[in-house]
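3D, please:
(one chain, ligands or ions: 2)
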Amino acid sequence: MSASAATGPVGALTVRNISKRFGGLVAVSEVSFTVAAGEIHALIGPNGAGKTTTFNMIAGAQPPDTGDVLLDGVSLAGLRPDQICRAGVGRTFQIVRPFNELTLVENVAVGALAWTDDVAEARDHARGVLELLGLGDKKDARPSSITLPDRKCLEVARALATKPKLLLLDEVMAGLRPTETDRMVAIFKKLNADTGLTILLIEHVMRAVMALSHRVLVLNYGRLIADGKPEEVTRDPEVLACYLGAEAFD
Ligand SMILES: Nc1ncnc2c1ncn2[C@@H]1O[C@H](COP(=O)(O)OP(=O)(O)O)[C@@H](O)[C@H]1O
Ligand SMILES: [Mg+2]
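Ligands and ions are numbered 1, 2, ... in the order given. Take a look at the predicted model:
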């Protein structure tokens, strides 16, 4: 077991002045924010605002053109995605891509191989994570045979199995029914309360954002236009203007 896995979550995130340009398009422009260890922050904003690109810069999939990302005060600059994962950043992908040839427990065990070479230990850990997410009885199923909400849970399980200090969730509640959303919210609340896991979630489902977040960050056209308490941010005229209207938050 690596040192990062043994010490348990801390997971303070500092994002300093990060930008990403794709040709002529500035997808993310000079964005700075912090997520204190043990907090849950939501990153919201219209489609194309730069939310997923921000996650990609934090997780190393797309290195920032400017600025820096720090985990617990240590810069992640120049690290590959697998190194950033081992440093304690777990993430889900907006488009879920499970290994369809593998069972659920095998899919999740792949995540655990980030911190152990022992396949039996990885499988044991994977079983526990699947139990935690309510997928224990489907551990030997294939991803193609489970429902969309279960596939979303599987994506979370794969990220959690890496033993992150900071968990990045990219729209894991999209397409879920309210009762399924509430179940997912309860899981994240419990994880956060029990282990101090720091969570940054991109989410359009405001029911989940309001239930989970200590703070809400708003991106619009690549710029951070608000960073505050959920009830403040959802009353901010500039935030309301970038959505269709106030009803977007009802
Ligand atoms: N790899 C890429 N190449 C070119 N443009 C991209 C790429 N990834 C994202 N974009 C563009 O950057 C902007 C921000 O995208 P994204 O971060 O996915 O937004 P969000 O997740 O907020 O919907 C969009 O205009 C998108 O089309
Ligand atoms: Mg996105």
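
mind checking which helix or strand Phe33 is in?
Remark: Phe33 resides in strand 25-35, with elements defined by DSSP states H and E.

Just checking: what are the partner strands of that strand?
Strands adjacent to strand 25-35 in the sheet, as given by DSSP bridges, are strand 13-22 (antiparallel).

Off-centre distance for the strand holding Phe33?
Here strand 25-35 is found 17 Å from its chain centre; the criterion is C-alpha atoms, centre = their mean, to the nearest Å.

low-confidence ranges in this protein?
By pLDDT under 70, the low-scoring segments of the chain are 1-9, 244-250.

The residue in it that ligand 2 sits nearest to and ligand 1: what is the separation?
When distances are taken as C-beta to the ion, the chain reaches nearest to ligand 2 at Thr52, 3.2 Å away. All C-beta spots, glycine's among them, are computed from the backbone N, C-alpha and C. Note on Thr52: its distance to ligand 1, by C-beta to the nearest ligand atom, to the nearest Å, is 3 Å.

For that residue, give me its contacts.
Contacts for Thr52 (C-beta atoms under 8 Å, 6 or more residues apart in numbering) come out as Gln94, Asp170, Ile202.

how about a cut-off of 10 Å?
Thr52 makes contact with Ala27, Val28, Leu43, Ala61, Gln62, Phe93, Gln94, Ile95, Leu168, Asp170, Glu171, Ile202, according to C-beta atoms under 10 Å, 6 or more residues apart in numbering.

Which residue ranges of the chain form helices?
Per DSSP state H, the chain carries helices over the ranges 3-7, 51-59, 81-87, 104-112, 119-132, 148-160, 178-195, 206-212, 230-233, 237-242.

Alongside ligand 2, which residues does the protein contribute?
Lys51, Thr52, Gln94 (C-beta under 5 Å from the ion).

how deep is the spatially closest residue to the first one that is not a sequence neighbour tucked in, by neighbour count?
In space, Lys51 comes closest to Ile202 once its chain neighbours are excluded; the distance is 4.6 Å by C-beta to C-beta, 6 or more residues apart in numbering. Residue neighbour count, defined by other C-beta atoms under 10 Å, stands at 24 for Ile202.

got it, and Asp68?
For Asp68, the number of neighbouring residues by other C-beta under 10 Å comes to 15.

ok, the residue nearest to it when sequence neighbours are not counted - how many residues close by?
Computed as C-beta to C-beta, 6+ apart, the closest residue to Asp68 that is not its neighbour in sequence is Arg16, at 4.8 Å. Arg16: 16 surrounding residues under other C-beta under 10 Å.

Which positions in the chain make contact with ligand 1?
Phe22, Leu25, Ala27, Gly45, Asn47, Gly48, Ala49, Gly50, Lys51, Thr52, Thr53 (C-beta under 6 Å from any ligand atom).
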